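Colleague: Quick one: sequence plus predicted model below, questions after.
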Amino acid sequence: MEKPLERVMDETMAVPQVLGCIFADHQGLCLGAKGNASTESAGILGAIAEQASKLEPHNRAPVITLESDNKICIIQRSGTITGAVYKSI
């Protein structure tokens with residue numbers, strides 16, 4: 001794993017209430033994950049980000065929020081990288 005990505009994941013995990021984070025490339029392959037984030041979800045997160053961006057293709061990449069009773073998943077694509085952060089509510 002590249003050091004800049006490792007640093008980003010460490011900084012993300014240091015934020016209060018963050019349970020985990022994951023990053024995937026444009027093909028849905030996991031680039032890295034920390035905390036309570038399954039590497040198996042990388043492809044699904046990439047697909048969600050791709051489909052959501054098709055809703056308004058001429059605008060910035062959307063931020064997608066999925067909520068459950070006790071946590072939230074925030075997904076966003078930037079260029080060819082999709083990132084997701086899991087936080088407790």
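Modeller: That came in fine, so what should we check first?

Colleague: What ranges does this protein have for its helices?
Modeller: All helices of the chain, identified by DSSP state H, fall at 3-13, 42-53.

Colleague: highest average neighbour count across those helices?
Modeller: Scoring the helices of the chain by mean neighbour count under mean count of other C-beta atoms under 10 Å gives helix 42-53 as the most buried, with a mean of 18. For the C-beta atoms, the positions are set from N, CA and C on the backbone; glycine is no exception.

Colleague: The residue lying closest to C73 once chain neighbours are set aside: what's it in contact with?
Modeller: The shortest distance from C73 to any non-neighbouring residue, by C-beta to C-beta, 6 or more residues apart in numbering, is to L66 (4.4 Å). Counting by C-beta atoms under 8 Å, 6 or more residues apart in numbering, L66 touches I72, C73, I75.

Colleague: ok, now how distant is L66 from S41?
Modeller: Distance check for L66 against S41: by C-beta to C-beta, to the nearest Å, it reads 11 Å.

Colleague: So what sits opposite the nearest residue to L31 once chain neighbours are set aside in the bridge?
Modeller: Spatial nearest neighbour of L31, excluding adjacent residues (C-beta to C-beta, 6+ apart): F23 at 4.5 Å. On the basis of DSSP bridges, F23 is bridged to G32, G83.

Colleague: can you check I74 too?
Modeller: Residues in beta-bridge contact with I74 (DSSP bridges): T65, V85.

Colleague: Could you pull up the contacting residues of it?
Modeller: Contacts of I74 by C-beta under 8 Å, 6+ apart are V63, I64, T65, A84, V85, K87.

Colleague: Next: L31.
Modeller: Applying C-beta under 8 Å, 6+ apart, the residues near L31 are M1, L5, F23, A24, D25, A42, I81.

Colleague: So among these, which ones count as buried?
Modeller: F23, A24, A42 (16 or more other C-beta atoms under 10 Å).
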